[in-house]
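In: The following comprises the amino acid sequence and a computationally predicted model.
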Amino acid sequence: MENIKISIIIPIYNASKFLEKCIRSIMEQDFRDIEIICVNDGSTDNSLEILNKLSKEDSRLKIIDKKNEGASKARNIALEVARGKYCLNIDSDDWIEQGYIKALYERAEKDNLDITISNIIFDYFNDSSKNYILNDLEILDEKMISGEEYINIFLKNNFYGYTWNKLIKTELYKKNNLKYNEKIFMMEDVEMILKLAKIGKKIGKVNKAFYHYIQHQTNGSKKISLKRIEDMQRCYEELFIYFKKDKIILFELEKRCLNSIFHFLKCSFDLKNDIKYKIFQKEYLEKSKKTPFLKIQKGDIKMEIIYRNILKVFPYLKIMNLLFTLDSKVLEKLRMLRNGRSN
């Protein structure tokens, strides 16, 4: 009889270059009570062929083959069939070190944790000299915090919205009907981890980095486009609705939203991507014509309007550095200046 304790969820799209290493790193773990749910999201390379070969070696590997609809849809489909007490997301171009699953499981079981977090190795493909470890949540191994405490730390300090370095109780998803946002490509993890933390009572940590997050030019999240900005806004809009009764969290979300959008834009243009700022700005403002240049009353949460207004008031984004250290006083001054320009 199968004794599945953890469901490993892997969305796959044209990942043949990395896929076998990823899955073998899971198959070879010393923790055996797992199922490996691989969702082939309409790959046009030989990813499905690799999956079929590996499934013959290990019966724990389950393949779902579907048309291309995005990673969020793939994860949601996998969650529907997941049978483990816990879920662990892994991206198809990443890999994990030996002992990762066992360490997370034992830590979660010790204190009945809802979410168990590990550190991350940023692994630069073909240039290991750049590798570094990211410490996701600075607490001791034996310490636990509440979901509310985690949200506060997340919004104010780290903002590492990854679900693939977190062991999560499956019932958090299923009992609360939580699904990854299928309308967005970027920051769907941010939206999900904050919703999970609101429900989760106990959050803990394994202070070791096992997860290799591979950095390469084909990472989808590195591609710059108008869609990425719209995804950010949609993510925050969903969170504003979800946390509408918590004024403190709403205020922190508002600050973080501005920070995220402008940090993303700064990185995009500093990296000299093929999309130029003026073209980007023109495209965005053209799309925003139907939205009037509105004043935001104190207490209103309408970040899409705030962003459009800032772009019009500051067309060359010279206030970037100001936004990086945004606090409540700066935010209020920004509102006053914007409102003054809109009269």
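Out: Cool, got the structure. Numbering: from 1, shown residues only.
In: Can you pull out the low-pLDDT segments for the stretch 201-343 of the chain?
Out: 217-226, 229, 261-343 (pLDDT under 70).
In: cutoff 90 now
Out: 216-237, 240, 244-343 (pLDDT under 90).
In: domain ranges for this protein?
Out: 6-221, 224-341 (automatic domain parsing).
In: Quick one: distance of the first one to the chain centre.
Out: For domain 6-221, the separation from the chain centroid amounts to 10 Å (computed by Cα atoms, centre = their mean, to the nearest Å).
In: ok, now which ones touch the nearest residue to E28 once chain neighbours are set aside?
Out: Counting by Cβ to Cβ, 6 or more residues apart in numbering, E28 lies nearest to Q98, which is 7.1 Å off, once chain neighbours are set aside. Yep, even glycine has a C-beta here, placed from its N, CA and C like the rest. Residues in contact with Q98 (Cβ atoms under 8 Å, 6 or more residues apart in numbering) are 28-30.
In: how about those in a markdown table, adding secondary structure?
Out: Below are these laid out as a markdown table (DSSP: H, G, I helix; E, B strand; the rest coil):
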| residue | secondary structure |
| --- | --- |
| E28 | coil |
| Q29 | coil |
| D30 | coil |
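In: most surrounded residue in these?
Out: Q29 (19 neighbours; other Cβ atoms under 10 Å).
In: secondary structure element for the residue nearest to it when sequence neighbours are not counted?
Out: The spatially closest residue to Q29, leaving aside those adjacent along the chain, is I101, at 4.9 Å (Cβ to Cβ, 6+ apart). According to DSSP states H and E, I101 maps onto helix 100-111.
In: quick one: buried residues of that helix?
Out: Residues 100-105, 107-108 are the ones in helix 100-111 that count as buried (16 or more other Cβ atoms under 10 Å).
In: out of those, which one sits closest to I36?
Out: Nearest to I36 among the buried residues of helix 100-111: I101, at 10.7 Å, using Cβ to Cβ.
In: need the contact list for that closest one.
Out: Counted by Cβ under 8 Å, 6+ apart, I101 has contacts 6, 8, 26, 29, 31, 34, 88.
In: and it, how far is that from L113?
Out: 15 Å (Cβ to Cβ, to the nearest Å).
In: One more: M187?
Out: Applying Cβ to Cβ to M187 and L113 gives a distance of 25 Å.
In: what does D189 give?
Out: When D189 is compared with L113 (using Cβ to Cβ), they lie 19 Å apart.
In: where does E2 land in three-state SS?
Out: coil.
In: for it, what are its contacts?
Out: Per Cβ under 8 Å, 6+ apart, neighbours of E2: 35, 83.
In: At which residues are the helices of the stretch 1-150 of the chain located?
Out: 19-27, 47-55, 71-81, 100-111, 147-153 (DSSP state H, counting those that start in this stretch).
In: got the buried residues for the third one?
Out: Spelled out, that is helix 71-81. 71-79.
In: Need these in TSV (columns: distance to L194).
Out: Listed next are those as TSV, based on distance: Cβ to Cβ, whole Å:
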residue	distance to L194
A71	18
S72	15
K73	20
A74	21
R75	16
N76	17
I77	22
A78	21
L79	17
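In: From the centroid of the chain, which residue is nearest?
Out: D189 (2.7 Å; Cα atoms, centre = their mean).
In: coming back round to it: which one of the buried residues of helix 71-81 sits closest to N46?
Out: Using Cβ to Cβ, the buried residues of helix 71-81 come closest to N46 at A74, 18.1 Å.
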